[in-house]
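Asks: the sequence and its predicted three-dimensional model are supplied below.
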Amino acid sequence: MDFAYLPEDDAFRAELRGWLDENLPKFFAEYGDDGTADAGGVGIMGAMDRRKAWQRRLNEGRWAAITWPTEWGGRDATVMQSVIYSEEMARAKTPGIFNANGIWQIGPMIIRWGTDEQKEKWVSGILSAEQHWCQGFSEPEAGSDLANLRTSAIEDDGDYVLNGQKIWISTAHVADWGLFLVRTDPGAIERGAKHEGITALIVDMHTPGIECRPIKDIAGDEMFNEVFFTNARVPVANRLGDEGAGWQVAMGTLGHERVGTAGLTIGMKADLEAMVNAARSVNPAALDDPDLRDRIARAYTHIEYTRLLNHRALSKILKGEPNWPEVPIAKLQWSYLAQTLAELALDLLGPAGLFAKGGPDAIDGGTWNRLYVFQRYTSIGAGTTEVQKNVIADRAIGMPRR
Ligand SMILES: Cc1cc2nc3c(=O)[nH]c(=O)nc-3n(C[C@H](O)[C@H](O)[C@H](O)COP(=O)(O)OP(=O)(O)OC[C@H]3O[C@@H](n4cnc5c(N)ncnc54)[C@H](O)[C@@H]3O)c2cc1C
């Protein structure tokens, strides 16, 4: 690939960097710099107000949803500009945003599949952080095998009547709206056509008959939920796309997620440097340990290798070629590195790594301690490791199926 940037890409970077240089210090002065940036370092639920304020600030500068069309408040950013955006945000250690699901997945889907009325009703609230959105796909028997979902939606007098259960739905208990996949053709699974008869519905989370039960995660947060539907009525007018077209809507949504995870490794070099700096101050002897030195070097090498892999994926996307196997391999690399770095961080910090967030002695706000347990999710979310390996075996290596 050609590593040189186009003049318009350089101008894009300079404009963003200028905006961040001016606005980020002001934001931190007002809301505090907890030093944990966007690495998922603090519990997302504890940081919602701060995230809301940051997304609003970004939106004022038209930096909240750069890939959206200009007419909907975006910048029509190219793939290359999205990468530059991720690089600059990681460099500046910006806070997380309030409506990540809405900005990265649901908003683009409403813009693509929604009617004019639906776009008018929902798009601006996602962008301005007025409303919080969740994404309700997974069920107890439908995770990797998502098309096995069974939450039913039966039409009755201008509404769909929903019954069933979702699980692992992030932030559903604080969401105003959610994009849910439901089954409008209950016989499709038994007919052997499970991808048919799935419909995408926009659900008001305050509707009677919806109950969210938060699940405590391994890090002690209550971030994701079971969601139960008992005769919950959702207007037919809230359907996104045609009845039975939910699989196409979902695949578009997950497509955005997959590209997004490839970009997540961008901040890891800074994370590695930060944990080495923290060790230098609280546990300097660790940096003389030959085994730890070897692990630091190996992690650095993997980060560099993943950066080049992402460039290759980007190059293929720019040429309009299929982005596999690079994108599934980059997803695997992200999971591997997120977990490897979190384990390395605690070993580097020694006893000081045991201080959890909230305590006065916690290192870097307790980021490393929390990531040690929380990063387990990276081999499950956005496609499990085993499923990614299946994709690579099938499409890239062409291994025979049993
Ligand atoms: C932090 C977090 C947040 C989440 N947020 C959301 C959300 O907001 N909305 C939402 O809808 N979902 C969400 N999820 C759910 C997530 O999408 C699912 O956990 C994921 O799709 C896996 O499904 P599952 O948990 O049912 O596991 P399963 O699919 O049951 O998998 C269990 C194990 O079997 C393996 N496996 C499954 N199929 C195969 C196969 N064919 N070959 C080999 N191995 C296989 C898997 O790799 C895994 O190890 C979230 C999950 C996490 C961890």
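Replies: Perfect, I can see it now. Numbering: from 1, shown residues only.
Asks: C-alpha from now on. contacts and neighbour counts both.
Replies: OK.
Asks: ok, for residue 340, nearest residue in space, not its chain neighbours?
Replies: Leaving aside its chain neighbours, residue 340 sits nearest to residue 299 (7.6 Å; criterion: Cα to Cα, 6 or more residues apart in numbering).
Asks: over to residue 396?
Replies: Counting by Cα to Cα, 6+ apart, residue 396 lies nearest to residue 325, which is 5.7 Å off, once chain neighbours are set aside.
Asks: now do the strands in the stretch 1-150 of the chain.
Replies: For the stretch 1-150 of the chain, applying DSSP state E, counting those that start in this stretch gives strands covering 133-136.
Asks: near the ligand, which residues of it are found?
Replies: 135-138, 140, 142-145 (Cα under 6 Å from any ligand atom).
Asks: export these as CSV, with columns for distance to residue 265, neighbour count and pLDDT.
Replies: Below are those laid out as CSV (distance: Cα to Cα, whole Å; neighbours: other Cα atoms under 10 Å; pLDDT from 0 to 100):
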residue, distance to residue 265, neighbour count, pLDDT
135, 23, 22, 96
136, 26, 25, 97
137, 25, 22, 96
138, 25, 22, 97
140, 30, 14, 97
142, 28, 15, 97
143, 24, 18, 95
144, 23, 16, 94
145, 27, 11, 95
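Asks: quick revisit: contacting residues for the residue nearest to residue 340?
Replies: By Cα atoms under 8 Å, 6 or more residues apart in numbering, the residues touching residue 299 are 337, 340-341.
Asks: residue ranges with poor pLDDT in the stretch 201-350 of the chain?
Replies: 252-264 (pLDDT under 70).
Asks: what about 80?
Replies: Low-confidence segments of the stretch 201-350 of the chain, defined by pLDDT under 80: 252-266, 317-318, 322-324.
Asks: residue 6: neighbour count?
Replies: Close neighbours of residue 6, defined as other Cα atoms under 10 Å, add up to 10.
Asks: also residue 289?
Replies: Residue neighbour count, defined by other Cα under 10 Å, stands at 11 for residue 289.
Asks: if I look at it, how far off is residue 300?
Replies: Residue 289 is 17 Å from residue 300, where distance means Cα to Cα, to the nearest Å.
Asks: could you do residue 93 as well?
Replies: Counting by Cα to Cα - residue 93 and residue 300 are separated by 19 Å.
Asks: helix or strand right after the lengthiest helix in the chain?
Replies: Assignment by DSSP state H gives helix 290-318 as the longest helix of the chain. Sequence-wise, the next helix or strand downstream of helix 290-318 (DSSP states H and E) is helix 326-349.
Asks: and the angle from that following helix to helix 290-318?
Replies: Angular relation of helix 326-349 and helix 290-318 on a 0 to 180 degree scale: 160 degrees, by axes from the mean of the first three to the mean of the last three Cα atoms, to 10 degrees.
Asks: how far is whichever helix or strand comes after helix 326-349 from where the chain is centred?
Replies: Next helix or strand after helix 326-349 toward the C-terminus (DSSP H and E): helix 367-374. When distances are taken as Cα atoms, centre = their mean, to the nearest Å, helix 367-374 is centred 17 Å away from the chain's centroid.
Asks: right, is helix 367-374 up against the ligand?
Replies: No - shown here: helix 367-374 not in contact with the ligand (Cα under 6 Å from any ligand atom), separated by at least 8.1 Å.
Asks: tell me the mean pLDDT over that helix?
Replies: In this model, helix 367-374 has a mean pLDDT of 90.
Asks: what of stretch 109-124?
Replies: When pLDDT is averaged over stretch 109-124, the result is 97.
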